[in-house]
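Undergrad: Sequence and predicted model, in that order:
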Amino acid sequence: MSKRLDPALAVFLALLAALIAFAAWLPAWAQSLLSIALATGMVVLGLTLLMRTGLVSFGQSLYLCLGAYAAGILNSKYGVTDMIIAVGAGALVAGVVAFLLGFLMATYRHIFFATLSLAFSMILYGLLVKSADLGSTDGFNLTAPTIMGIKLEGALSQRYKLILGAVLAAIATIGLWRYLRTPLGRLAPAIRDNELRVEYMGASVRHAVHVKYTIAGLLGGIGGALAALAVGHIDPDSMAYWTVSGELVFIAVLSGSASVIAPFLAAAVFETLRMLAHDYSPNTWQLSLGAAMLLLILFLPGGLASVLVRRSREPAP
Amino acid sequence: MKLRQLYRACCALAIALLSAAPAGAQDAAPIKIGIVVFLSGQAAAPFGVPAKNAAELMADSLNKGGVLGKPYDKKGFGGRPIELVFVDEAGGTTKQVQEYRNLVQRQEVDMIIGYIGSGDCLAVGPVAEELKRLTVFFDCGTPRIFEDASYKYVFRTGPHGVMDNVALALYTLKRNPNVKTIIGINQNYAWGQDSWNDFIESMKALKPDVKILDPQWPKLGAGQYNAEISALLAADADVVHTSLWGGDLESFILQAAPRDLFKKSLVVLSAGEHVVDRLETQVPQGTPFGARGPHNYYAPDSELNRWLRKSYQERYKLTPIQASYKMAQAFLGVKSAYEKAMDKNGGKHPDQDQIIAAFEHHAWEGPSGKVEMKLGKGHQAVQGTAIGTVKHEGGKAVAADIERYAAEKVNPPEGVKSLDWIKAGFK
Amino acid sequence: MQQFLAVLIDAVNYASWLFIVASGLTLIYGVMRILNMAHGSLYALGAYTAASFVGFWSTHGYFPAGVFLMLIAAAVTVGVIMGPLIERGLLRLLYGKDEIVLLLATYALFLILEDVIKLGWGVDAYYVSQPYGLLGNVTLAGLSYPLYSFVVVGVAVAIGVGLSWVLNGTQRGKLLKAVIHDREVSQTLGINVSRYYMVTFTVGAILAAIGGAFTAPQISVSLGIGVEVIVLAFAVVVIGGLGSLPGAALGALIVGLARSLAVHYWPAVELFCVYFVMALVLVFRPQGLFAAPELRKI
């Protein structure tokens, strides 16, 4: 286990660097698609971290939504338009909530973990639907964001959103890759396999799960803030409803938990699939998307990560 | 700093490539229109598909040329044939914003007509400004679109939803001047909340001593209303207001009518026309209902309306309902604005800015009568409306006791927010 | 007092409907450990097929009470066709995989079936209120209730009693319990496990379709009616304890009562009272009200 960067991660970082350098050449629709994919990938990265310990959250939209609303409220109600502050606020709010809920969630496992997280996300949904000041289900628009005092308009704003997403994705993947190499990080698969044995060894499973849950919430908040910036509009139906969590879980399974870069690739694959389904079968896109999902589940059960990890020599996280 | 130089060079190249693209429309090249309406989910049957049908009917008829009488007898838009691309509106705003970009940038449509959901309209508006593409909302209801922002590239050819409930309040008071208590059952989402608010604020302004009871808020798509109906029966109010639509309204009527709710209270339907059309006599006699404008039952007996009803009936074996009327209205609005701009341009095909200039403060005749772009700096339509009462006649439902309301009476003046206007006693 | 009686009646009516849709979900989970997201689609298929069958029956003018037979026939038809098709055609290929993979497979199936329904029946709504109007009304607690609601209560009770009898009182039921307890040992003892799986899934599908079929006369049968059902049934099953039939019954009653209380006394919270109850139960009893806590393997 060397300290050297895992090759798949290195390639991914190079790809992100290329994306940042050549963002201007990408057609605008692709920039927007990639921005959303990076935002979604960030949330899914958190989900896969939990999946490594055997936990599946069916309510990760809670943190996506908190992050998005924190960024959105700052932006449109308080006039704080800076993108970096928006993302920071999203991370902070989601992280704090995840830390607090983590005390409870860390004692739950399996389907009970999944269902309790679902219940929390739906309670948030219900609260947002009832809040007329935030536009109820219609939501509200963000004003044009700025970055470090520079006002961004049109195509430029689009590009900076993509660059910000790419930079954050790079930081998140490196950070998580390093975390997974610490003793606490290495506990994850052990907890999944056998919790009791981990406790006999003297480690606190509850603490380890709590930390992972908080990180996942934090990543969810960042992803939510990025999504709010990329779309420019937020509402509870496309941020908090249970179908959103369902989609996130699907992307997480498509990704697999064995790699820190697979979530972003899986999110890009999913967004592209959905776009093509809409393009080629506007009347039956659900059927096309569902069929594609089934094929992926049947033929790629370990997710994209299984492909990435097999290719690279080292057992990458 | 080599990277930055490279980057600058790239940018310059990109700009050069883009500006080298051929500008201006070629003669008789088709106009590609993106149509975004619900093709799946619960809004497909009551709104999405009737609108899609009307769009197909309009495109085919206009492309033949001369099917509609003057002034719509020219082929397509000013001689250019129309080509349609359909997108499903289902799936939420994140998806819709992405699909909008796809329509403009990958499919390269010349304009977009669509959007039924208010959330979708709110989200798409700023993107339309960013991408500078003419976008016409034909149906969505929230007044926030042009009251909270102003747009250059966005137009709405259907009046906003405030008018429906103001007119309904006026009608309710005319039917029952002694109304003392009001209760409501509205879906627990923005449209239901706004409709209820507009209605009770109008009632309060018109009759300050009216008592508002705690309303019911079933969730969207609930389908089962037995408990709510019990609570409404127990409340025993004079008036029950509802803005339910589609399958939810149908289910509500099917469950409430046998339990005599319609006999106990005056149930008023703010947007019930499309349901009366399908359920016919299963909607109890004497129920007031609106149509989100003077559509279908309330449409004038004009040549245009007769043509729409006849050709829609022949093609789809169904009556055109409010969404179909509104789609037809949007098509004729864009067509007449396009041709107006063409005349101004000396008979040459206009560019997008010229169309927009002609569209602002435009007025035209649709199958539901006159439409004027009077609000939102000439981007938001106003229209009169009408409310009537269900009457059973030969196994069918028709509208009786129709009251018509002029556009000025049920729409706020330019620059005044709807809710302020209502609260100030419609001043 | 009168209002409280109305609350109880509404609670029981709603709970009966919930129990019918939740029983199939909990049965499938209990035996196969699959959280079937396509349950809502099977519900919708049941409603659409019932609409077609009842429509056929009524237009041919056969004796009116037969429409109730049509509702059951529709549910059985849907279950017997779709159950084995889904279980043999798809789920069988995924046994042994993670629970979450099976869940996602059924989610994909849900998307596919939504469009299949659209292709089969079109987008326009169907109305089959004949069975609803047939029985007339009864006045209870000063309010008028349709007798049909109590038919649904009867169906729910019949399903509950019938399932408990099969599970606890018959040899097949006892063998099924063995399969639930340990699939591999059961197989070595000569129990045809895959047949039990197929039959269980089919029965679950029939139950989902019965839910849809008996709801069809009260509603406008239109696209998207299955979406709400999944998450509601899911909440009921989680409150009661996954895989537990008495749990589903109790969960249905609790949710029914909570919702009815909300509607009558505090309508603004109707939207999330179900999830609030769910979170509350889970916080104090993570495994739900009836399921036993799982043993931890060393």
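TA: Cool, got the structure. Numbers count the residues shown, from 1 in each chain, chains lettered A, B, ... in the order given.

Undergrad: so, in contact with chain C or not, the longest helix along chain B?
TA: The longest helix of chain B (DSSP state H) is helix B:322-344. No: figure legend: helix B:322-344 not in contact with chain C (Cβ under 8 Å from any Cβ of the partner chain); closest approach 12.3 Å. No exception for glycine: its C-beta is placed from N, CA and C like everyone else's.

Undergrad: residues in contact with the next helix or strand after that helix?
TA: Past helix B:322-344, further along toward the C-terminus, the next helix or strand under DSSP states H and E is helix B:352-359. The contact list for helix B:352-359 (Cβ atoms under 8 Å, 6 or more residues apart in numbering or on different chains) reads B:110-111, B:132-134, B:152-153, B:155, B:333-334, B:337-338, B:340-341, B:344-345, B:350, B:373, B:378-379.

Undergrad: Now do the contacts for residue B:142.
TA: In this structure, residue B:142 makes contact with A:138, B:118, B:121, B:122, B:160, B:161, B:190, B:191, B:194, judged by Cβ under 8 Å, 6+ apart.

Undergrad: Do you know the pLDDT at the last one?
TA: pLDDT for residue B:194: 90.

Undergrad: So is the host helix or strand of it next to chain C?
TA: With secondary structure defined by DSSP H and E, residue B:194 is part of helix B:190-206. No: no part of helix B:190-206 sits near chain C under the criterion Cβ under 8 Å from any Cβ; the closest distance found is 10.5 Å.

Undergrad: could you dump that helix to PDB, C-alpha only?
TA: This file holds the C-alpha atoms of helix B:190-206, laid out as PDB (Å, rounded to 0.1, in the frame of the first residue of the first chain):
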ATOM      1  CA  ALA B 190     -48.200  25.700  -4.700                       C
ATOM      2  CA  TRP B 191     -51.200  25.700  -7.100                       C
ATOM      3  CA  GLY B 192     -53.700  24.600  -4.500                       C
ATOM      4  CA  GLN B 193     -52.300  27.000  -1.900                       C
ATOM      5  CA  ASP B 194     -52.300  29.900  -4.300                       C
ATOM      6  CA  SER B 195     -55.800  29.200  -5.500                       C
ATOM      7  CA  TRP B 196     -57.200  29.000  -2.000                       C
ATOM      8  CA  ASN B 197     -55.500  32.200  -1.000                       C
ATOM      9  CA  ASP B 198     -56.700  34.100  -4.100                       C
ATOM     10  CA  PHE B 199     -60.200  32.900  -3.500                       C
ATOM     11  CA  ILE B 200     -60.500  33.700   0.200                       C
ATOM     12  CA  GLU B 201     -58.800  37.100  -0.200                       C
ATOM     13  CA  SER B 202     -61.300  37.900  -2.900                       C
ATOM     14  CA  MET B 203     -64.200  36.800  -0.800                       C
ATOM     15  CA  LYS B 204     -62.900  38.800   2.200                       C
ATOM     16  CA  ALA B 205     -62.600  41.900   0.000                       C
ATOM     17  CA  LEU B 206     -66.100  41.500  -1.400                       C
END
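
Undergrad: could you say what helices and strands that helix packs with?
TA: Here helix B:190-206 is seen to pack against helix B:118-131, helix B:162-175, strand B:181-184, strand B:211-212, strand B:239-242, helix B:418-423 when contacts are counted using 3 or more Cβ pairs under 8 Å, 6 or more residues apart in numbering or on different chains; DSSP states H and E.

Undergrad: quick one: which of the ones you listed is nearest chain A?
TA: Among those, helix B:118-131 comes nearest to chain A, with 3.5 Å by Cβ to the nearest Cβ.

Undergrad: Can you list the neighbours in contact with the following helix or strand past that closest one?
TA: Going down the chain from helix B:118-131, the next helix or strand is strand B:135-137, by DSSP H and E. Counting contacts by Cβ under 8 Å, 6+ apart, the residues outside strand B:135-137 that touch it are B:111-115, B:121, B:124-125, B:128, B:145, B:153-158, B:330, B:333-334.

Undergrad: List the contacts of the helix holding residue B:194.
TA: Residues from elsewhere that reach helix B:190-206 (Cβ under 8 Å, 6+ apart): A:132, A:135-138, B:118-119, B:141-142, B:161-162, B:164-166, B:168-170, B:172-173, B:179, B:182, B:184, B:186, B:210, B:212, B:215, B:217, B:220, B:241, B:243-244, B:270, B:418-419, B:422-426.

Undergrad: And the residues you listed, which of them are buried?
TA: A:135-138, B:118-119, B:141-142, B:161-162, B:164-166, B:168-170, B:172-173, B:179, B:182, B:184, B:186, B:210, B:212, B:215, B:217, B:220, B:241, B:243-244, B:270, B:418-419, B:422, B:426 (16 or more other Cβ atoms under 10 Å in any protein chain shown).

Undergrad: so how far is stretch C:183-198 off the chain centroid?
TA: Its chain's C-alpha centre and that of stretch C:183-198 lie 25 Å apart, by Cα atoms, centre = their mean, to the nearest Å.

Undergrad: Give me the angle between the longest helix of chain B and helix B:352-359.
TA: Calculated by axes from the mean of the first three to the mean of the last three Cα atoms, to 10 degrees, helix B:322-344 forms an angle of 110 degrees with helix B:352-359.

Undergrad: ok, and for helix B:322-344, which residues are buried?
TA: With burial defined by 16+ other Cβ under 10 Å, the residues of helix B:322-344 counted as buried are B:322-342.

Undergrad: Next, see if the strand or helix carrying residue B:252 gets close to chain A.
TA: Assignment of secondary structure by DSSP H and E places residue B:252 within helix B:246-256. No: shown here: helix B:246-256 not in contact with chain A (Cβ under 8 Å from any Cβ), separated by at least 14.5 Å.

Undergrad: Check stretch B:38-47 too.
TA: Yes: figure legend: stretch B:38-47 in contact with chain A (Cβ under 8 Å from any Cβ); contacting residues B:39, B:40.

Undergrad: residue ranges for the helices of chain C, please.
TA: Secondary structure of chain C (DSSP H): helices at C:2-32, C:39-59, C:66-89, C:99-121, C:130-134, C:147-169, C:171-181, C:183-188, C:193-215, C:225-240, C:245-265, C:270-284.

Undergrad: Show me what the helix or strand bottoming out on mean pLDDT in chain C is packed up against.
TA: The helix or strand of chain C with the lowest confidence, counting by mean pLDDT, DSSP states H and E, is helix C:130-134 at a mean of 81. Helices and strands touching helix C:130-134, as assessed by 3+ Cβ pairs under 8 Å, 6+ apart, comprise helix C:39-59, helix C:66-89, helix C:147-169.

Undergrad: Could you list the contact residues of the stretch 101-250 of chain C toward chain A?
TA: By Cβ under 8 Å from any Cβ, the part of the stretch 101-250 of chain C that sits against chain A consists of C:101, C:104-105, C:107-112, C:114-116, C:118-119, C:227, C:231, C:234-235, C:238, C:242.

Undergrad: Show me how to select, in PyMOL, the buried members of these.
TA: Selection of buried members from these for PyMOL, criterion 16+ other Cβ under 10 Å:
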select buried, chain C and resi 104+105+107+108+109+110+111+112+114+115+116+118+227+231+234+235+238+242
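
Undergrad: Any stretches of the chain with poor pLDDT?
TA: All of this is about chain A. Per-residue confidence for chain A (pLDDT under 70) gives these ranges: A:1-5, A:154, A:309-317.

Undergrad: was after chain C, sorry
TA: Residues of chain C that meet the criterion pLDDT under 70 lie in C:1, C:291-298.

Undergrad: and the helices and strands packed on helix B:190-206 as a markdown table, adding distance to chain A and mean pLDDT?
TA: Putting these into a markdown table (distance: least, Cβ to the nearest Cβ, whole Å; pLDDT from 0 to 100) gives the following:
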| stretch | distance to chain A | mean pLDDT |
| --- | --- | --- |
| helix B:118-131 | 4 | 90 |
| helix B:162-175 | 14 | 93 |
| strand B:181-184 | 15 | 94 |
| strand B:211-212 | 16 | 93 |
| strand B:239-242 | 18 | 95 |
| helix B:418-423 | 11 | 90 |
